[in-house]
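Trainee: missing the sequence, but the structure's below:
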């Protein structure tokens, strides 16, 4: 869990009240000294909550936000390294700094192996070492979560791509064999199916490359983007490539640029959402309506189609990051790219049924210069 704009919230789990007061005093005195000297502090701890039992610590983690935990291993209701495992199991995203009364490196190493980020010896601790250790623990935890999340995404992407592309290529091989052995090699339907599968495999490969570009970095840089201009370009491209009746309209009273905080890959979001809307229609000429609404803080784009709708599993995957990692959701690589890009841009997505048929997908972005945009960047 990252620190907030107002500082770091620390949970001190220590059954010896004298030791707890000593640690709190070291932190307060060191921060006061740095303030008087107008020196930079490694981290600003603005809230310290002390509990003397593991049960109380777990209860606090359930009801309040915590950025880091200072954890004594010898508590009345839990003793030894198992204490770390219980806290990690309960709050896996909160970094732990172990407080040990033993000046033994092995204790610290074992603590880190069990899930702690750092350790401190009570016999040699100072205010400076506490502040620096807490900062390192938070940074290390954040980096570990990013790495785990990135590896998880790459693993899911690999499975999606291998399954989808292998299906298309298997169809191509089968149809190729059929044409090779057919009495009439000019079977137009088989040739058209083969070409469609080949084109889809190429599109999947291109999309997968885009997803990997996003995942393998910290995400695209956010900058001011004209949402309406990007959307007009994608709608024009869709009309040129597909037989579709698509309407683009402004639901607000404006007619100028709609500047949002996004990235140069904003067009890829709309491209895949528009194509998905068309692909889910069984009509000879699918109908898609795109409406842009704005407020001083936010711009939203609603894409409504008249198709067969999106299965509930895919709806959950689109709006729930945890469900997105479920391979049973059936999410294609294109929609996976959409959710990944929106997350990196700070955008939101909602999926609803359209009455009487089809789906309504709404994406929202912070307007450039809005308070939400400034906080996100």
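Mentor: Nice, thanks for sending it over. Because the structure is a prediction, the values reported are computed rather than measured.
Trainee: alpha carbons only for contacts and neighbour counts from here, please
Mentor: Noted.
Trainee: domain parsing for this protein?
Mentor: 8-147, 220-377 (automatic domain parsing).
Trainee: what's the least confident stretch among the ones you listed?
Mentor: Lowest mean pLDDT within the domains of the chain: domain 220-377, at a mean of 81.
Trainee: Any idea how far that domain is from the middle of the chain?
Mentor: 17 Å (Cα atoms, centre = their mean, to the nearest Å).
Trainee: Check stretch 58-72 too.
Mentor: Using Cα atoms, centre = their mean, the offset of stretch 58-72 from its chain centre is 23 Å.
Trainee: mind listing what's buried in it?
Mentor: 60, 61, 66, 67, 68, 69, 70, 71, 72 (16 or more other Cα atoms under 10 Å).
Trainee: picking up where we left off before, reformat the domains of the chain as a markdown table; add distance to residue 166.
Mentor: Converted to a markdown table, these look like this (distance: least, Cα to Cα, whole Å):
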| stretch | distance to residue 166 |
| --- | --- |
| domain 8-147 | 28 |
| domain 220-377 | 13 |
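Trainee: Out of those, which is closest to residue 170?
Mentor: For those, proximity to residue 170 was assessed by Cα to Cα; domain 220-377 is nearest, at 17.6 Å.
Trainee: can you give me the helices for the stretch 101-250 of the chain?
Mentor: Under the criterion DSSP state H, counting those that start in this stretch, helices of the stretch 101-250 of the chain are mapped to 105-113, 127-181, 188-215, 227-241.
Trainee: quick one: which of the domains of the chain is nearest residue 165?
Mentor: domain 220-377 (10.1 Å).
Trainee: ok so residue 289 is a strand residue?
Mentor: Yes. Judged by DSSP: H, G, I helix; E, B strand; the rest coil, residue 289 forms part of a strand.
Trainee: Surely it is in contact with residue 246?
Mentor: Yes. Applying Cα atoms under 8 Å, one finds residue 289 in contact with residue 246, separated by 5.7 Å.
Trainee: The two - which one has more neighbours?
Mentor: residue 246 (20 against 17; other Cα atoms under 10 Å).
Trainee: Strands of the chain, residue ranges please.
Mentor: 8-13, 45-51, 68-72, 74-75, 78-79, 96-100, 118-121, 223-226, 245-250, 259-262, 287-294, 298-305, 348-353, 359-366 (DSSP state E).
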